[in-house]
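S.K.: What follows is a protein structure lacking sequence information:
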């Protein structure tokens, strides 16, 4: 009986801690956007991505730059109902440039649990920022761009910048669309952005 109550108390304490962490993400009125992290992403269908090095050398950066080139559409502040968003994208851009792209493009079938909350925490814990910034950070960790299933899968992740502790993360699917590889997958990011704000409870 004693063991039973210890388990109950532990679960209650865990739930309270988890709620406190997620509340930091919801309550923070100022956040820092770090970008789209493609370091773990797979690009599914050889025909959809005929030039892997264009992905790495051009498109990773172009997709990240949409928040600057089309700020009214790719509006982080509005999507998550924040007063102010700062931008610090250099680290993620550097990380994206190191992807071994030859191993990431192909006709893969990913297991349902390819990425999980634990692996997302491991990724964020590995971030090595040189800038002296604190507060709440936001990154979209890309799991896959999957042409056969018409889906871009993103882990929308809020974290404590100083401790790298995840405050809130959820797997969000964005539907792609439009002409050309660049715009087709940019729209998956846009649709994931809008869906995340709604599904994660930032806007109603």
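M.R.: Ah, there it is. If you're wondering where the values come from, they're calculated on a predicted model, not measured in any experiment.
S.K.: Can you show me the strands along the chain?
M.R.: Using DSSP state E, the strands of the chain run over 30-37, 42-44, 84-87, 105-106, 136-146, 151-160, 166-174.
S.K.: What helices and strands are in contact with the fourth one?
M.R.: Read it as strand 105-106. Helices and strands touching strand 105-106, by 3 or more C-beta pairs under 8 Å, 6 or more residues apart in numbering; DSSP states H and E, are strand 42-44. Placement of C-beta: from N, CA and C, glycine included.
S.K.: Parallel or antiparallel, which strands does the strand it packs on pair with?
M.R.: strand 105-106 (parallel), strand 136-146 (parallel) (DSSP bridges).
S.K.: Take these and write them to CSV, including distance to residue 117, mean neighbour count and mean pLDDT.
M.R.: Listed next are the strands paired with strand 42-44 as CSV, based on distance: least, C-beta to C-beta, whole Å; neighbours: other C-beta atoms under 10 Å; pLDDT from 0 to 100:
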stretch, distance to residue 117, mean neighbour count, mean pLDDT
strand 105-106, 26, 18, 94
strand 136-146, 11, 24, 97
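S.K.: just so I know, which of the strands of the chain lies nearest residue 191?
M.R.: strand 166-174 (4.1 Å; C-beta to C-beta).
S.K.: just for the chain, where's the confidence low?
M.R.: 1-21, 111-112, 204 (pLDDT under 70).
S.K.: what's around residue 87, how many residues?
M.R.: By the criterion of other C-beta atoms under 10 Å, residue 87 has 12 neighbours.
S.K.: List the residues that contact it.
M.R.: Residue 87 makes contacts with 32, 33, 67, 68, as judged by C-beta atoms under 8 Å, 6 or more residues apart in numbering.
S.K.: got a list of contacts for stretch 157-170?
M.R.: Outside stretch 157-170, the residues that reach it (C-beta under 8 Å, 6+ apart) are 21-22, 24-26, 31-32, 117, 120-121, 124-125, 127, 129, 133-141, 155-156, 196, 199-200.
S.K.: Next, the buried residues of it.
M.R.: Judged by neighbour count using 16 or more other C-beta atoms under 10 Å, the buried positions of stretch 157-170 are 157, 158, 159, 160, 161, 164, 166, 167, 168, 169, 170.
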